[in-house]
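S.K.: Quick one, structure for this:
(chains A and B)
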Amino acid sequence: TQLLEQSPQFLSIQEGENLTVYCNSSSVFSSLQWYRQEPGEGPVLLVTVVTGGEVKKLKRLTFQFGDARKDSSLHITAAQTGDTGLYLCAGADNQGGKLIFGQGTELSVKP
Amino acid sequence: GAVVSQHPSWVICKSGTSVKIECRSLDFQATTMFWYRQFPKQSLMLMATSNEGSKATYEQGVEKDKFLINHASLTLSTLTVTSAHPEDSSFYICSVIIGEVMGYTFGSGTRLTVV
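M.R.: Predicted coordinates for the structure are as follows:
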């Protein structure tokens, strides 16, 4: 069974600080996705990383896929209160395309 | 991108009754849909894979007789929670694969409260 370990699970920071969320696995994934979820809503896709070593930027968010395609990270620069939410990494398993989620990171950015 | 509509967005029911949740793919023909369950402050847990025209595939520990899934068309999958109990109260979310690179699109979720 492929598993994704996401850390930290909870993060509370002040506005303007930087943060990094990690997503690790012992298995190789063909791609990993990062989602953001607001309370009472479904997850919204932020980015998909496909190539080992790939780095993608989305404004203040930087996503990295490990060279071995077993891990990924999300770095947020100068966090804003609007970044508050649940961040989820996910990868499709090798059988049937089921999406496996990490435990999630509950981010709270305080003014 | 694909749009997935989930209905209702919230429902309150009495213990022992059944509740049906609909997941519609509005602009994409989905042979496969997924149903997830999410408890507060936790991640999404896959319950089952819904396959158009065939039986759903359930994850280990999910009771197929309690969570009935029907995927009768390429645009509609339904999840029925039968004989609901308070412990079934949760946030249920469906999703559709729109491609490995493009990822998955999720419905807006259904908040079920069993009283």
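
S.K.: Relative to chain B, which residue of chain A is the closest?
M.R.: residue A:42 (3.5 Å; C-beta to the nearest C-beta). The C-beta positions use only the backbone N, C-alpha and C, and glycine is treated the same way.

S.K.: so that residue sits right up against residue B:111, yeah?
M.R.: No - under the criterion of C-beta atoms under 8 Å, residue A:42 makes no contact with residue B:111, lying 11.6 Å away.

S.K.: Comparing those two, which residue is more hemmed in?
M.R.: residue A:42 (23 against 15; other C-beta atoms under 10 Å in any protein chain shown).

S.K.: pLDDT wise, what is that one at?
M.R.: We have a pLDDT of 92 for residue A:42.

S.K.: so what's the spatially closest residue to it that is not a sequence neighbour up against?
M.R.: Take residue A:42 and drop its neighbours on the chain: the residue closest to it by C-beta to C-beta, 6 or more residues apart in numbering or on different chains is residue B:106, 3.5 Å away. The contact partners of residue B:106, by C-beta atoms under 8 Å, 6 or more residues apart in numbering or on different chains, come to A:35, A:42-44, B:4, B:93-95.

S.K.: just checking, which of the residues you listed belong to strands?
M.R.: Residues of those located in strands (DSSP state E): A:35, A:44, B:4, B:93-95.

S.K.: Considering the residues you listed, which is situated nearest to residue B:45?
M.R.: The shortest approach to residue B:45 among these belongs to residue B:93, at 10.1 Å (C-beta to C-beta).

S.K.: From chain A, how far out is that closest one?
M.R.: Distance of residue B:93 to chain A, given as C-beta to the nearest C-beta, to the nearest Å: 5 Å.
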